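[1] What follows is a protein structure lacking sequence information:
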């Protein structure tokens with residue numbers, strides 16, 4: 001049985017020092033932007049949080065401690081993409097990710113006379129690093145003259161700190177519980193725990209950013225992120241209009 005508790009709230013996000021990853025996900029086939037892809041930030045096999053790419057395919061993570069991270073990009077119909085990046089203090093890693101559609105992989109196998117095989121889930125512990133265009137620039141020079149700033153999907157997204165009505169799950173807690181899939185590895189190893197996530201819900205009711213505030217086992221952290229992105233939310237309302245706002249959601253994983 002999985003017990004779920006929810007606390008609604010909002011958080012003030014300030015400009016934090018540290019490094020930044022600013023990226024764009026595009027189709028490897030035609031270079032078009034890929035929206036609604038889930039980009040997860042992983043450190044030492046532990047998911048730290050995730051963002052959803054916006055309509056222009058952009059995403060970013062800011063306020064990062066210096067070190068080595070792995071980006072994992074997922075979307076239905078595409079092959080999972082992994083990329084290792086090194087973040088330095090006060091520098092931005094700018095990266096363009098070519099996202100390969102599964103149909104291309106299957107077509108290539110048929111062309112080579114191979115029998116297409118069903119895709120197996122990628123292992124997050126030993127990711128295959130893929131090629132991608134990477135550029136390292138100082139944070140102060142992150143915005144070249146004449147370039148339009150990307151519509152970020154994390155800290156730079158505007159939100160209402162104290163909305164009149166907080167965001168909430170569509171269908172209540174039961175709807176979110178229904179979306180939870182207890183990881184098989186956690187079942188076999190009898191792993192339980194609590195994951196506390198902070199969610200930025202857009203004015204359209206989409207969870208566009210998830211930060212893990214309290215970690216559990218990595219497989220539970222990943223399961224919590226997956227659950228939130230499968231869920232729908234009623235957006236916050238402030239002064240009669242829908243706005244982006246935060247909520248916190250502790251997820252308790254219990255086996256009985």
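    All right, it came through fine. On a predicted model such as this, the values are computed, not experimentally measured, just so you know.
[2] Any stretches of this structure with poor pLDDT?
    Filtered on pLDDT under 70, the chain yields the residue ranges 1-17, 103-157.
[3] can I see the domain layout of it?
    2-11+157-253, 19-141 (automatic domain parsing).
[4] So what sits opposite residue 248 in the bridge?
    residue 7, residue 198 (DSSP bridges).
[5] Could you say which of the domains of the chain is packed most deeply?
    domain 2-11+157-253 (a mean of 18; mean count of other CB atoms under 10 Å). For the C-beta atoms, the positions are set from N, CA and C on the backbone; glycine is no exception.
[6] which stretch of helix or strand covers residue 250?
    In this assignment (DSSP states H and E), residue 250 forms part of strand 245-253.
[7] All the helices of this protein, in order from the start?
    Secondary structure of the chain (DSSP state H): helices at 102-111, 172-179, 184-188, 218-229.
[8] Centre of the chain to the second one, how far?
    Computed by CA atoms, centre = their mean, to the nearest Å, the chain-centroid distance of helix 172-179 equals 20 Å.
[9] go on, the third one?
    Between the mean C-alpha point of helix 184-188 and the mean C-alpha point of its chain there is a distance of 23 Å (CA atoms, centre = their mean).
[10] If you count contacts, what does that helix end up packed against?
    helix 218-229 (3 or more CB pairs under 8 Å, 6 or more residues apart in numbering; DSSP states H and E).
[11] Tell me which residues are up against the helix it packs on.
    Residues outside helix 218-229 that contact it (CB atoms under 8 Å, 6 or more residues apart in numbering) are 38, 40, 45-47, 49-50, 52, 124, 176, 179-183, 185-186, 191, 193, 195, 197, 199, 207, 210, 212, 215-216, 249, 251, 253.
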